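Undergrad: Everything below, folded, please.
(4 chains)
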Amino acid sequence: MADYNPMELMICVAARNLEDGATVVVGTGAPCAAAMLSQKTHSPNLCIMFEAGGVAPILPAMPISVGDSRTFHKALMASSMPEIMETCQRGMVDYTFLGGAQIDMYGNINSTMIGSDHAKPKVRFPGSGGANDLASLCWRTMMMTVQDAKRFTDKINFITSPGYLQGGNTRYEAGLPKGTGPYRIITNMAIMGFDEETKWMKVLSINPGYSRKDVQDNCGFELKWADSIADTDPPTADELRILREEVDPHRYIIGR
Amino acid sequence: MADYNPMELMICVAARNLEDGATVVVGTGAPCAAAMLSQKTHSPNLCIMFEAGGVAPILPAMPISVGDSRTFHKALMASSMPEIMETCQRGMVDYTFLGGAQIDMYGNINSTMIGSDHAKPKVRFPGSGGANDLASLCWRTMMMTVQDAKRFTDKINFITSPGYLQGGNTRYEAGLPKGTGPYRIITNMAIMGFDEETKWMKVLSINPGYSRKDVQDNCGFELKWADSIADTDPPTADELRILREEVDPHRYIIGR
Amino acid sequence: MSAEVMEKNIELKSGVNKVFTDPDADAARAYFRGKSRALRPKLTTVEEVVRTMISDGDYIAIGGFGANRIPTAICHEIVRQGKKGLGFAGHTSTHDFQILSAGEAFNRCDIAYIIGLEARGLSPNARRYIESGKVKLTEWTNATMSWRLKAAAMGLSFIPARNILGTDTFKYSAAKEILCPFTGQKYAAYPALYPDFAAIHVHECDVYGNCHVYGASVSDFDLAKAARRVVITTERLVSTEKIRQQPEATVIPFWCVDAVIESPYGSYPGNMPYEYFSDEEHLREWLAAEKEPESLKKFMDKYIYGTKNFDEYLALCGGTEKMNKLRRIELLIDKK
Amino acid sequence: MSAEVMEKNIELKSGVNKVFTDPDADAARAYFRGKSRALRPKLTTVEEVVRTMISDGDYIAIGGFGANRIPTAICHEIVRQGKKGLGFAGHTSTHDFQILSAGEAFNRCDIAYIIGLEARGLSPNARRYIESGKVKLTEWTNATMSWRLKAAAMGLSFIPARNILGTDTFKYSAAKEILCPFTGQKYAAYPALYPDFAAIHVHECDVYGNCHVYGASVSDFDLAKAARRVVITTERLVSTEKIRQQPEATVIPFWCVDAVIESPYGSYPGNMPYEYFSDEEHLREWLAAEKEPESLKKFMDKYIYGTKNFDEYLALCGGTEKMNKLRRIELLIDKK
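TA: Predicted coordinates for the structure are as follows:
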């Protein structure tokens, strides 16, 4: 078995979830790496989009900003933020990736603040940026994150970006587009999906080297479990080689 | 005094109403000729716009269509219909010209149909096109038309484009932008404005060779009269020369 | 929402006519979810597109403005294949409307501008067709149709605007009055327009459908997004390398496009900016032929039903020599 | 409107925070009616623009995305002239937000993205400023801010959209829920954003303000229309003849623009597409200096308060040699 770090594992798992011919809006960092790896393995025609307007670039290097020159280098289109967001709203974007300081059992994500007074936050983060938009409007939202009991919490301080809100049908009752929502939460320990009815986070497979107990102990709420829990396939030698040599040769992301 | 025909008179009068530095959306024909004449006499920086997207072209010839190549020949911008219409809606367009089969005392215009059954019109016309939009959204609407008692009617069959609707404040109560409305009706016989309070059509000046009686007899409703009725200044020799030699040398419009 | 606004809500007016298409954004999303966004070559033929991408009863829209930059070959083929019962977006339509009316291809129509050919006059046959009462009509305006397409392009079911209020155009539309929740101002609300099918003619595109358009764009960039199925006819194919050299010039992206057809002189007898001017002589021939149903039938037999495809039509109309002449007019080398 | 919909109206939610600007479309129209649309030369200086076109308390917006294609000189000068009490559109803002925070220039902020510099980390000083409670905050998102500007560019007072519903982002916004009058679907309604002032950096424009922009345009074309007063800084002036050669490339028309400034390297230390890459070293220097208020004061004294203008700042940062280096990175000749 190849040796790899948790970031490499998460990127490889994420890449496998992006099928050929799909559209994905990514940010900088790990999501962009996952999309690039996917293109270089099984999805040559995965269409990568950036919220500032870049569409299907030939990425010469990792972008530093989702609006920098690299995001539309030899692109098929350099458009605008409304163009990308409206393409999402129209239902033409399949996937996106989000990050955040907290996530709850329904996949709601906080990237705004810690504390209880919005006017004077204890800790302030950047806010939604495009995260709420992409979580609201793309068909399937994924997250890559290191798992711990503080981050995976049932006491989320602020719902910046919608998961399944209060579970069940509450997401659609709130007015968000039908059929959208969190799809996969990819952590260093496991891969989670969501129960079809309750929309509660549900473990689908456990990563090599971790146990059920590890996964539950590092989560601040009770996890549901799929009927049969698979072992996550570790990164293949090919995936690792391409990721290390072609996608992120300077280890900007996988070296973190 | 120079010899001229009614179309030439109307175009010259219309041109005088377009001041330098203003914006005007025009169609083909007489309005376009008026705007061009205005540029070549006193308003070199009159900005001419066409609803299909052309902005400030250097017109090499009379356009046949408001979307043909001439409307954006060496233009400052070749944009889109929403761009032009939204510029109007934002309050950046000063003038427009409309035509129609009927006009009433409040400046409402019919270019849709004659008859009473919308589903099976007695006579069908093209409909609004951009006319309703421009009448709704530009600051000041003007009309050039030959005057007769059938066309100037208090029994308009269909209000395609809004004038002052039922007079008074009804235009603004209906939700149309404040301060907009019909400004001048330029006919072969007279120039009309609208009463500030009642918004009823009001004669401002009478064209050479016509009497008050002519003007009223060729109007299907009772006209109001300004306190002092001026004589319309006839086209000057300069205006006529430029109109005939530079604006419409082939007499496409002034030869009608 | 204040009691005052709620009370006002009760008095809000609606147009009396029909919305011919479903404005529901989730229904559109459900369709778009299944639409291919794969970067695959899409070259095909006019015959194939009209046969497989348009069914009787579909609601269609045609790009361009008037006779300028229109996909004439598609309009001909719709008539040639005898499509019937279509819905039609009569938005800045002139020669396209004239062709489809000659084939009596549609039975319901959203009207912004119909039956006219601008300064050229009115189409006698299109006028007869509309006055016959055979076509269900809903009134709108050019801006309104643009905004209905924009609402769809944005993935909405409605959009507010400030025109048409208080007029019969509103009364015979399917618009509804609404109030701004922030200012209380009255607005017209328009239902999003998601056509089943759209055909757009462009200057250049690659085999995937990434398009360049020069000159005024009218509403075509929104139309390409709003329509469920889109065919691009293009003056010429260009390489994808050329597209990638200037990504800001891509105005319609490949994922909107289902089919691509190379169609030189494709806007004939209309004007194609920077390429060729309209053939005013031939357009006059159309109008003259339309005066009587008999002469129109003869004309249509000769030019549409009697030709196999658009190339034959071009040849009948004067071929390369005529096209060169129209190019010289467009480029201001010759006067028309 | 049906009784059912009316009943539902009563339950429609509103965000709890403030709209910092007047969304009223007629108020905006009244301003735009008086705005000059004359085709007149508009060349001026950064000092003059900031002195005469921005008053304390105004609401301002800055073009570009993050540190990419931003009008840095205008941001510096706002701080240098000590403007106070501004409202700020925190839309895709990074280095611009960092500069204005260092000058404590604003006291209310519409938030989409603030205090961060994307992959580079968070600005310690901007974070302190926001966590101090000195700044009134209303939450939005990137798309929402884009759509608020689009609503203004369209001349509306509101626009509907399908994001943020059900979240705390909605709760701490000033949005309102509304229902589609056609489908009954719930939407978020956003108030149009008409900023008092906007500064946008472009690649090329003429003396009248007709602009070319290459690469992603973010929301700048809508921003140019939405703002009451607009200044364009440009990498280089071009002739109006060049503008007229390619009218479809004009993305901001002259009538939106009140002032034009030639500002080569004007997006430094940010990235200008096709021109020069960002100066990551200098941006790290900013972040390091911000760790303590004392070191930030020293840094600001050196780079902003101690320089007369943006040219002096560029010289301090390495002048032509540095700019050439950044161009080589941008063009992929050198690795960064």
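Undergrad: Contact partners for residue C:40?
TA: Residue C:40 makes contacts with A:21, A:45, C:208, as judged by CB atoms under 8 Å, 6 or more residues apart in numbering or on different chains. Using the backbone N, CA and C atoms, a C-beta is placed for each residue, glycine as well.
Undergrad: Save those as TSV, and put in pLDDT and neighbour count too.
TA: Below are the contacts of residue C:40 laid out as TSV (pLDDT from 0 to 100; neighbours: other CB atoms under 10 Å in any protein chain shown):
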residue	pLDDT	neighbour count
A:21	97	17
A:45	96	15
C:208	98	23
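Undergrad: what's residue 118 in contact with, if anything?
TA: With no chain named, the answer covers chain A. Per CB under 8 Å, 6+ apart, neighbours of residue A:118: A:158, D:17, D:137, D:139, D:172.
Undergrad: You answered for a different chain; I wanted chain C.
TA: Neighbouring residues of residue C:118 by CB under 8 Å, 6+ apart: B:28, B:64, B:65, B:66, C:66, C:94.
Undergrad: Same check on residue A:235?
TA: A:2, A:4, A:8, A:9, A:12, A:243.
Undergrad: Let's see which of these end up in helices.
TA: In helices, judged by DSSP state H, the following of these are found: A:8, A:9, A:12.
Undergrad: Neighbours of the last one, how many?
TA: What that stands for is residue A:12. 26 (other CB atoms under 10 Å in any protein chain shown).
Undergrad: coming back round to it: tell me the one among the ones in helices among the contacts of residue A:235 nearest to residue A:95.
TA: Using CB to CB, residue A:12 is the member of the ones in helices among the contacts of residue A:235 that lies nearest residue A:95, at 15.8 Å.
Undergrad: From the contacts of residue A:118, which land in strands?
TA: Judged by DSSP state E, strands contain the following of the contacts of residue A:118: D:137, D:139.
Undergrad: Point me to the residue of chain A nearest chain B.
TA: residue A:82 (12.5 Å; CB to the nearest CB).
Undergrad: which ones are touching that residue?
TA: By CB under 8 Å, 6+ apart, the residues touching residue A:82 are C:154, D:143, D:146, D:147, D:150, D:219, D:222.
Undergrad: Redo the residues you listed as CSV? Include secondary structure.
TA: As requested, the contacts of residue A:82 are exported to CSV (DSSP: H, G, I helix; E, B strand; the rest coil):
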residue, secondary structure
C:154, coil
D:143, helix
D:146, helix
D:147, helix
D:150, helix
D:219, coil
D:222, helix
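Undergrad: Which of the residues you listed ranks first by neighbour count?
TA: For these, neighbours tallied by other CB under 10 Å; top is residue D:143, 33 neighbours.
Undergrad: Could I get the full set of helices for chain A?
TA: Along chain A, counting by DSSP H, helices occupy A:6-16, A:30-41, A:81-89, A:131-137, A:170-173, A:212-217, A:237-242.
Undergrad: circling back to that earlier point, show the pLDDT at the residue of chain A closest to chain B.
TA: If you check residue A:82, the pLDDT there is 98.
Undergrad: Ignoring the adjacent residues along the chain, who's closest to residue A:225?
TA: If the residues on either side of it in the chain are set aside, residue A:225 comes closest to residue A:203, at 5.2 Å by CB to CB, 6 or more residues apart in numbering or on different chains.
Undergrad: which strand residues sit across from the one you found in the sheet?
TA: Assessed by DSSP bridges, residue A:203 has beta-bridge partners residue A:192, residue A:225.
Undergrad: can you tell me how far it sits from residue A:4?
TA: Separation of residue A:203 from residue A:4 (CB to CB, to the nearest Å): 21 Å.
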